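Undergrad: the amino acid sequence is not available; the structure is as follows:
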């Protein structure tokens with residue numbers, strides 16, 4: 001079983017190593033409009049239950065990396081997904097804000 005959370009550095013190291021990851025941004029569309037991580041998919045927190053089957057299938061193929069603004073919502077999503085049996089998922093500690101500070105300063109902060 002995966003840890004519940006990984007740091008932005010750990011996630012970037014996986015990407016650089018060529019590991020296929022599915023980045024899921026669980027913020028709201030208005031937050032997504034401000035900034036996003038390249039290659040991520042928007043799936044707001046409240047639409048996750050309706051997409052459980054799709055997420056479960058995706059998790060069979062790749063690690064799901066869920067993030068939000070600061071990492072609180074994404075951790076809740078990952079805990080819920082794991083309770084539903086979707087274990088191949090992690091939350092990014094510190095969210096897109098920490099990603100912007102430590103990995104890609106071109107991503108705007110808000």
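TA: Ah, there it is. These figures come from a predicted structure and were not determined experimentally. Numbering: from 1, shown residues only.
Undergrad: top helix in the chain by residue count?
TA: Longest helix in the chain by number of residues (criterion: DSSP state H): helix 72-83.
Undergrad: per-residue confidence averaged over it?
TA: The pLDDT scores in helix 72-83 average 98.
Undergrad: what's it packed up against?
TA: Contact partners of helix 72-83 among helices and strands, from 3 or more Cβ pairs under 8 Å, 6 or more residues apart in numbering; DSSP states H and E: helix 52-61, strand 63-67, strand 89-92. C-betas here are computed from N, CA, C, even on glycine.
Undergrad: hmm, try it at 6 Å
TA: Under the contact definition 3 or more Cβ pairs under 6 Å, 6 or more residues apart in numbering; DSSP states H and E, helix 72-83 sits against strand 63-67, strand 89-92.
Undergrad: low-confidence ranges in the chain?
TA: Along the chain, the model assigns pLDDT under 70 to residues 1-2.
Undergrad: do that again at 50, thanks
TA: Within the chain, no range satisfies pLDDT under 50.
Undergrad: could you export the helices and strands packed on helix 72-83 as JSON lines, including mean neighbour count and distance to residue 47?
TA: JSON lines is the format used below for the helices and strands packed on helix 72-83 (neighbours: other Cβ atoms under 10 Å; distance: least, Cβ to Cβ, whole Å):
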{"stretch": "strand 63-67", "mean neighbour count": "25", "distance to residue 47": "13"}
{"stretch": "strand 89-92", "mean neighbour count": "26", "distance to residue 47": "16"}
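Undergrad: shouldn't residue 66 be in contact with residue 23?
TA: No: checked against Cβ atoms under 6 Å, the pair residue 66 and residue 23 is beyond contact range at 8.2 Å.
Undergrad: what sits against residue 23?
TA: Contacts here follow Cβ atoms under 6 Å, 6 or more residues apart in numbering; on that basis residue 23 touches 37, 39, 40, 65.
Undergrad: looking at those residues, which is nearest residue 6?
TA: residue 65 (7.3 Å; Cβ to Cβ).
Undergrad: mind checking how far that closest one is from residue 76?
TA: Using Cβ to Cβ, to the nearest Å, one gets 15 Å for the distance from residue 65 to residue 76.
Undergrad: then residue 110?
TA: 20 Å.
Undergrad: of these two, which one has the most company?
TA: Neighbour count, other Cβ atoms under 10 Å: between residue 110 and residue 76, residue 76 has more, with 16 against 9.
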